Each structure stands twice: as C-alpha cells, then as structure tokens.
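> After the sequence you'll find the predicted model.
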Amino acid sequence: MLHKKNLLSIFAAVLAIFLVAFPASAHVTVKPATSITEAWETYSMKIPVEKDIPTTKVVLKIPSTVEFKMYEPVDGWKTTTQTDDNDKVTTVTWEAENDAAAIQAGQYRIFTFTAQNPADAGEVAWDAYQYYKDGSIVEWTGDEDADLPHSITEVTKSNADVDSHGHNHDTADDEAAEEDHEHSVSTSVGTILSIIAIIVSIAAIILTFVRRK
C-alpha cells in the first residue's frame, strides 16, 4: 500500500510532466525584439489564433516615439491608418475582407510594416488589439508579467549616422575607409618617390660612365 508521502510525490511528478507537455500560450509579438536608434526598421507582427473561432481584425497602436512609414499589402485584408492633427500615424488596422481571408483557429498570420525608430534609446511597447468573429476582443496591452503582455522592442544607441532614407553611415566604417584611403595615397606617393629615386640613380650611373669615356 502506498504511503501518503509517496502519493504526493507521484502526483507532483505527474503534474510536472503535464505542465511541461502543455503548450505555452501564444502571444501577439512584434519582431525584431532589438533594433537601433533612428533606423528604418521592417517590423513583423505575428497574430496567432488561440480560440476556436477566426480572428477578423487586428489593430496596432503606433508608439508616440515611432514614425510609421509604410505597410506590406496582404491579400484579402484591408489596411487603414489613423493619424493625429500632425498627420502622424497613430493606429494601423488590418481587417479581413471576407470569412475566407480571416485567420482560422490553429493558424497565424504575419503583418509587415516599416517604421523609423526614435532618436533616443529605450523600450518601445506595441499595444495590439485582436478582434474575433464573435465580437470578442483580446487586448495585448499589459506589461511583460501580465497574462496579455504587449510586445516590446529594445532600441539601443547606434554608432551610425542614419539619413532621411534610413541608410546607415557607420562612423567606424567611415573612419576605416578614410584610413584605407590615406594608406593607399601614402603607398602611392612612396611608390612614386621610389621610382624617381631609381631613375635618378640610373641617370647618375650613366653620367658617371659617360664621363669616364
């Protein structure tokens, strides 16, 4: 007959196996999780369906420090943006045009957009709202410890200068290129001086030979 302690041990082991085997809840995520200041980053928002009904609409709040630039069209989905008084995009909405285009149970869809990161380093929080066909809404707006956390991108300081088109001009690379150029010029000058010296030496030898005659 099993003792009470043994029964508790078996129960704990079974529970541990169950917890390990049970799949973790899938969250709405925006990637990449890290980026650099002022860069034009291409972000991908992944929308998984955790219910037995389709997702028909997704709304993403654009952080105040981020400049939304453009989005990639998705077949069967209508994309709209909402702006503030300064024409800055504050909200992007993707909505299925029909039931066939909706994200079905057990599926996910990725929506891609481009935005320019803030000039200052720090965390960028992406609040997202997932709409289901039955009218229910899942708000992914909590902190990282919440049941419904928003996705976060850590924006770190870049050593590069970023122009208005999002092209990086890395200071280290520029300095290296400049050093290479200076080294190349120095080498060329040295080579020319060496050739001149050789020519002068040859000329001196010829003059000496001629004088002896």
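Nice, I can see it. These figures come from a predicted structure and were not determined experimentally.

> CA only for contacts and neighbour counts going forward, please
Fine.

> Burial check on residue 121, number of neighbours?
Counted with other C-alpha atoms under 10 Å, residues neighbouring residue 121 total 16.

> show me the contacts for it.
Residues near residue 121 by C-alpha atoms under 8 Å, 6 or more residues apart in numbering: 36, 37, 154, 155, 156, 157.

> and the residues you listed, which of them are in strands?
36, 154, 155, 156 (DSSP state E).

> filter the residues you listed to the buried ones?
Listed as buried from the ones in strands among the contacts of residue 121 are 36, 154, 155, 156; burial here means 16 or more other C-alpha atoms under 10 Å.

> Reformat the residues you listed as TSV; add distance to residue 144.
Output for those, formatted as TSV (distance: C-alpha to C-alpha, whole Å):
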residue	distance to residue 144
36	21
154	13
155	16
156	19
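
> In those, find the pair that's most separated.
36 and 154 (8.2 Å; C-alpha to C-alpha).

> and residue 86, how many neighbours does it have?
Residues lying near residue 86 (other C-alpha under 10 Å) number 6.

> Actually, residue 38.
Neighbours of residue 38 (other C-alpha under 10 Å): 27.

> Just want the phi and psi numbers for the closest residue to it other than its chain neighbours.
Leaving out its chain neighbours, the residue that sits closest to residue 38 by C-alpha to C-alpha, 6 or more residues apart in numbering is residue 117, at 4.6 Å. Backbone torsions for residue 117, taken as degrees, to the nearest 10, come to phi -70, psi 160.

> unless I'm mixing things up, residue 117 is touching residue 42, no?
No. With contact defined as C-alpha atoms under 8 Å, residue 117 does not count as touching residue 42 (10.2 Å).

> Give me the domain ranges for this structure.
Using automatic domain parsing, the domain ranges for the chain come out as 21-158, 168-212.

> Going by mean pLDDT, which of these comes out lowest?
Across the domains of the chain, domain 168-212 has the smallest mean pLDDT, namely a mean of 60.

> How about the secondary structure of residue 100?
Classification of residue 100 by DSSP: H, G, I helix; E, B strand; the rest coil places it in helix.

> which residues touch the residue nearest to residue 45 when sequence neighbours are not counted?
Among residues not flanking residue 45 along the chain, residue 30 sits closest, at 4.3 Å (C-alpha to C-alpha, 6+ apart). Residues in contact with residue 30 (C-alpha under 8 Å, 6+ apart) are 43, 44, 45, 46, 126, 151, 152, 153.
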